[in-house]
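S.K.: structure of the sequence below:
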Amino acid sequence: MKYGPREFTDRTGEKIILRTPEITDAETLIRYMEKTAEESLYLLREPGEFHMTVEEEERFLQSQIDDPRGMMLSAFTEDGRHIGNGVIMPESTGLRTKHRCGMAIALYREFQGRGIGRIIMETLICEAKKLGYEQAELEVVSTNEKAIGLYTSMGFVKYGVHPHNMKYPDGTYADCDYMVKIL
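M.R.: Numbering: from 1, shown residues only. Predicted coordinates for the structure are as follows:
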């Protein structure tokens, strides 16, 4: 599904453009996946673990555009600098579960704390309702207090914990909280 472009203003007063990524954004999004993995222990991949070619990323982006029940959003500065992404993913196509969607966001570290994550999440929630979803779900590393605070302030509630959800190279583990919001 396609979205935008729509313009917002972050806490610093900078204009932010939110839109569906285009096929031509493939290289930018590959760099984003690599860089955010380096910057955060809260994402699913280790640095160097993302191995998608530009052609594979282009096909993935086209599948996101063509998906009538899902949506990918990218945020950019007014001068075109990529900030981060958000996504709505169908949880299932089964009749008993098609009312549920998953959501996820990630921003470059330098853009965190400026209200951009909230803008993306508000947009995802609004669009999920338009797509007919009744429930949004996400998982977040249990120690990611800033993200949990954002999600809680937006009406998500914790309904469970997945112990040892991720294992880091040093042998330590991270639990993840499961959160849900009735739309």
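S.K.: drop to CA atoms for contacts and neighbour counts, all remaining ones
M.R.: Noted.
S.K.: hang on, Lys98 packs against Met89?
M.R.: No. In this structure, Lys98 is not within contact of Met89 by C-alpha atoms under 8 Å, at 10.7 Å.
S.K.: these two: which has the busier surroundings?
M.R.: Met89 (20 against 16; other C-alpha atoms under 10 Å).
S.K.: write down the beta-bridge partners of the more buried one, one by one.
M.R.: Beta-bridge partners of Met89, counted by DSSP bridges, are Gly102.
S.K.: and the gap between it and Gly115?
M.R.: 23 Å (C-alpha to C-alpha, to the nearest Å).
S.K.: ranges for the strands of the protein?
M.R.: Assigned by DSSP state E, the chain shows strands spanning 6-9, 15-19, 71-77, 82-90, 100-107, 135-141, 157-167, 173-182.
S.K.: which strands and helices sit next to the last one?
M.R.: Translated: strand 173-182. Helices and strands in packing contact with strand 173-182 are listed as strand 135-141, strand 157-167; criterion 3 or more C-alpha pairs under 8 Å, 6 or more residues apart in numbering; DSSP states H and E.
S.K.: also the third one?
M.R.: Applying 3+ C-alpha pairs under 8 Å, 6+ apart, one finds that strand 71-77 contacts strand 15-19, helix 54-66, strand 82-90.
S.K.: redo that, cut-off 6 Å
M.R.: strand 15-19, strand 82-90 (3 or more C-alpha pairs under 6 Å, 6 or more residues apart in numbering; DSSP states H and E).
S.K.: pick the most buried one from those.
M.R.: Scoring the helices and strands packed on strand 71-77 by mean neighbour count under mean count of other C-alpha atoms under 10 Å gives strand 82-90 as the most buried, with a mean of 22.
S.K.: returning to what we had before: now the common contact residues for Lys98 and Met89.
M.R.: Counting by C-alpha atoms under 6 Å, 6 or more residues apart in numbering, no residue touches both Lys98 and Met89.
S.K.: so where's this structure shaky on pLDDT?
M.R.: Applying pLDDT under 70 to the chain flags no residue at all.
S.K.: ok, and the closest non-adjacent residue to the residue nearest to the spatial centre of the chain?
M.R.: In the chain, the residue lying closest to the centroid (C-alpha atoms, centre = their mean) is Ile105, at 2.1 Å. Excluding its sequence neighbours, the residue lying closest to Ile105 (C-alpha to C-alpha, 6 or more residues apart in numbering) is Gly86, at 4.2 Å.
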